[in-house]
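Colleague: structure of the sequence below:
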Amino acid sequence: MKFNYCQTTELVFGRGRTAELGQIAKRFGTKTLLVTVKEFPAVRKQYAQVKKILAKAGVKVTHYDGVVPNPTVASIDAGAKLARACGAQSVIGLGGGSSMDSAKAIAVAATHPGSCWDYLFYKKAPTTKTLPIIAVTTTSGTGSQVTQVAVITNPKTRDKSAIYHPNVFPKVAVVDPELMVTVPRKITAATGFDVFCHAFESAIHPNTSPMTNMMAWEAISLVVKWLPKVLADGTNLDAREAMALADTLGGYSIAAAGVTLPHGMGMAIGGMYPHVAHGEALAIVYPAFVRYTWRNAVPQFARLARILNPALVRANDRVAAARCEELVTAFLKKIGMRLSLEGMNVPAAELPALARQCMVLPDYKGNPRVTTPADMTKLVKESYSVRRK
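Modeller: Okay, here's the model as predicted:
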């Protein structure tokens with residue numbers, strides 16, 4: 001048994017822990033850039049609270065509220081320009097994955113020549129000049145608060161890729177379930193399914209390990225139990241807390257192991273069609289992915305099937321695994337996430353181009369069944385409309 005495990009982010013988890021943000025930020029200096037989406041009614045109080053906490057600790061805040069869904073090169077480079085102008089000594093990402101990923105990319109772009117797009121995983125590596133990053137998550141889905149990944153979209157090329165380097169691990173992650181009670185149901189469902197995908201894909205990845213598996217399967221169990229409950233009542237703090245833990249465990253899992261076929265496809269969908277949220281893109285492709293892959297990872301798909309339907313505990317692995325597509329599809333319906341490319345207004349004429357884009361990122365190579373171009377075209381076509389039995 002040989003494996004490596006490294007996690008450099010300090011985790012501050014629990015209800016009310018946002019109150020500690022001022023003292024956390026002050027460790028890195030007295031000037032910080034707060035990175036968020038534009039203010040709207042549900043977050044107005046939250047933003048004011050965070051600014052007050054920081055000011056009380058003697059930290060001067062410059063607020064960059066230019067984060068957009070599927071953060072773009074332009075939105076990140078604008079934030080980096082402001083970080084340089086205000087002399088930021090740290091960057092705080094407050095929000096969901098878009099805000100935290102933007103904060104990470106801004107921390108790189110503000111301290112390095114060129115654009116954030118120059119520091120993608122296959123280009124130049126960010127150095128230790130990267131500004132310290134503090135991630136304060138307000139959703140339960142992306143796991144970005146504990147990963148070394150910052151996802152970026154280039155609208156000019158309709159491409160979605162990522163900075164991937166240990167230097168973009170947040171120095172501190174604050175996970176406070178009290179910040180999550182105002183998240184709309186649709187976003188809760190999409191981000192919650194993203195947790196499910198992170199955990200499962202890390203469990204079937206070639207880089208998985210006993211450490212990863214311990215966290216991944218716990219995360220999956222938490223999502224299956226608690227996501228329907230939080231969707232039924234978004235103010236249920238026990239449910240929010242459980243999903244926040246699942247999200248963090250899922251983030252740890254992908255940081256250590258990685259993701260597989262669905263994430264490469266999901267990134268391609270989001271890059272070409274930015275109106276499709278990442279969790280929605282994953283939901284679109286998951287039934288086809290399960291159907292395509294289960295025979296090549298029977299023990300893991302059987303374990304997933306038994307979590308989704310405990311009555312399968314007495315079934316042998318192959319029988320249980322064969323039920324997985326049906327059970328995943330039922331779970332997607334239960335959480336309101338049974339989606340299709342057609343339903344998200346993806347043009348049928350662009351499916352061949354989308355299939356090619358799905359093979360740009362190397363995630364498919366970590367799948368138990370490695371996809372050929374012909375396979376990918378078939379998977380994309382199967383994800384175009386909801387399959388009828």
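Colleague: low pLDDT regions in the chain?
Modeller: 388-389 (pLDDT under 70).
Colleague: what about the strands in it?
Modeller: Applying DSSP state E to the chain gives strands spanning 10-13, 31-35, 60-64, 90-95, 133-137, 149-154, 159-164, 172-175.
Colleague: what's around Gly266, how many residues?
Modeller: A count of nearby residues for Gly266, using other C-beta atoms under 10 Å, gives 29. C-beta coordinates here come from the backbone N, C-alpha and C atoms, glycine included.
Colleague: which residues sit in contact with the closest residue in space to it that isn't next to it in sequence?
Modeller: With C-beta to C-beta, 6 or more residues apart in numbering as the criterion, Gly266 has its nearest non-adjacent residue at 3.8 Å, and that residue is Ala281. Counting by C-beta atoms under 8 Å, 6 or more residues apart in numbering, Ala281 makes contact with 265-267, 269-270.
Colleague: closest to Lys45 among the residues you listed?
Modeller: Using C-beta to C-beta, Gly270 comes nearest to Lys45 of those, at 29.9 Å.
Colleague: for that closest one, which residues are in contact?
Modeller: Gly270 neighbours (C-beta under 8 Å, 6+ apart): 70, 153, 160, 276-278, 281.
Colleague: quick one: which of those is nearest to Ala219?
Modeller: With C-beta to C-beta as the yardstick, the closest approach to Ala219 among the contacts of Gly270 comes from His278, at 16.9 Å.
Colleague: residues near that closest one, how many?
Modeller: Number of residues near His278 (other C-beta under 10 Å) recorded here: 26.
Colleague: re the thing from before, could you export the contacts of Gly270 as CSV, including distance to Thr208?
Modeller: Formatted as CSV, the contacts of Gly270 follow (distance: C-beta to C-beta, whole Å):
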residue, distance to Thr208
Asn70, 28
Thr153, 28
Lys160, 25
Val276, 28
Ala277, 26
His278, 22
Ala281, 23
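Colleague: distance to Lys186 added to the contacts of Ala281, as a markdown table?
Modeller: Putting those into a markdown table (distance: C-beta to C-beta, whole Å) gives the following:
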| residue | distance to Lys186 |
| --- | --- |
| Met265 | 21 |
| Gly266 | 17 |
| Met267 | 20 |
| Ile269 | 17 |
| Gly270 | 16 |
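Colleague: tell me how the chain divides into domains.
Modeller: 10-180, 185-382 (automatic domain parsing).
Colleague: Lys2: which of these is closest?
Modeller: domain 185-382 (8.8 Å).
Colleague: got a list of what the nearest residue to Thr293 once chain neighbours are set aside touches?
Modeller: Counting by C-beta to C-beta, 6+ apart, Arg369 is the residue found nearest to Thr293 once chain neighbours are left out, at 5.1 Å. The contact partners of Arg369, by C-beta under 8 Å, 6+ apart, come to 292-293, 295-296.
Colleague: now those in TSV, with neighbour count and distance to Pro310?
Modeller: Shown next, in TSV, are these (neighbours: other C-beta atoms under 10 Å; distance: C-beta to C-beta, whole Å):
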residue	neighbour count	distance to Pro310
Tyr292	21	25
Thr293	23	23
Arg295	13	23
Asn296	13	24
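Colleague: for Val195, state which of the residues you listed is nearest.
Modeller: Thr293 (19.2 Å).
Colleague: right, and that closest one touches Asn367 too?
Modeller: Yes - under the criterion of C-beta atoms under 8 Å, Thr293 makes contact with Asn367 at 6.2 Å.
Colleague: now the common contact residues for those two.
Modeller: Between them, Thr293 and Asn367 share these contacting residues under C-beta under 8 Å, 6+ apart: 204, 261.
Colleague: show me the residue sitting in the middle of this protein in space.
Modeller: Thr142 (2.3 Å; C-alpha atoms, centre = their mean).
Colleague: got JSON lines for the strands of the chain, with mean neighbour count too?
Modeller: Listed next are these as JSON lines, based on neighbours: other C-beta atoms under 10 Å:
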{"stretch": "strand 10-13", "mean neighbour count": "16"}
{"stretch": "strand 31-35", "mean neighbour count": "26"}
{"stretch": "strand 60-64", "mean neighbour count": "18"}
{"stretch": "strand 90-95", "mean neighbour count": "28"}
{"stretch": "strand 133-137", "mean neighbour count": "30"}
{"stretch": "strand 149-154", "mean neighbour count": "25"}
{"stretch": "strand 159-164", "mean neighbour count": "22"}
{"stretch": "strand 172-175", "mean neighbour count": "25"}
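Colleague: and those: which comes nearest Met211?
Modeller: strand 10-13 (15.2 Å).
Colleague: what pairs with that closest one, parallel or antiparallel?
Modeller: Sheet pairing of strand 10-13 (DSSP bridges) gives strand 172-175 (parallel).
Colleague: okay, the partner strand in PDB with CA atoms only?
Modeller: C-alpha atoms of strand 172-175 as PDB (Å, rounded to 0.1, in the frame of the first residue of the first chain):
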ATOM      1  CA  VAL A 172      -7.400  29.200   5.500                       C
ATOM      2  CA  ALA A 173     -10.900  27.900   4.700                       C
ATOM      3  CA  VAL A 174     -13.900  29.200   6.800                       C
ATOM      4  CA  VAL A 175     -16.900  26.900   6.500                       C
END
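Colleague: sorry, back to before: please flag which of the contacts of Gly270 sit within helices.
Modeller: The helices, defined by DSSP state H, take in 278, 281 from these.
Colleague: between the contacts of Gly270, which is nearest Ala190?
Modeller: Using C-beta to C-beta, Ala277 is the member of the contacts of Gly270 that lies nearest Ala190, at 4.9 Å.
Colleague: that closest one touches Gly96, doesn't it?
Modeller: No - using C-beta under 8 Å, Ala277 makes no contact with Gly96, being 9.7 Å away.
Colleague: need the contact list for the residue nearest to the centre of the chain.
Modeller: 96-97, 100-101, 191, 194, 247, 251, 278.
Colleague: for the residue nearest to Leu308 when sequence neighbours are not counted, give its distance to Ala305.
Modeller: Leaving aside its sequence neighbours, Leu308 sits nearest to Leu327 (C-beta to C-beta, 6+ apart; 4.0 Å). According to C-beta to C-beta, to the nearest Å, Leu327 stands 6 Å off from Ala305.
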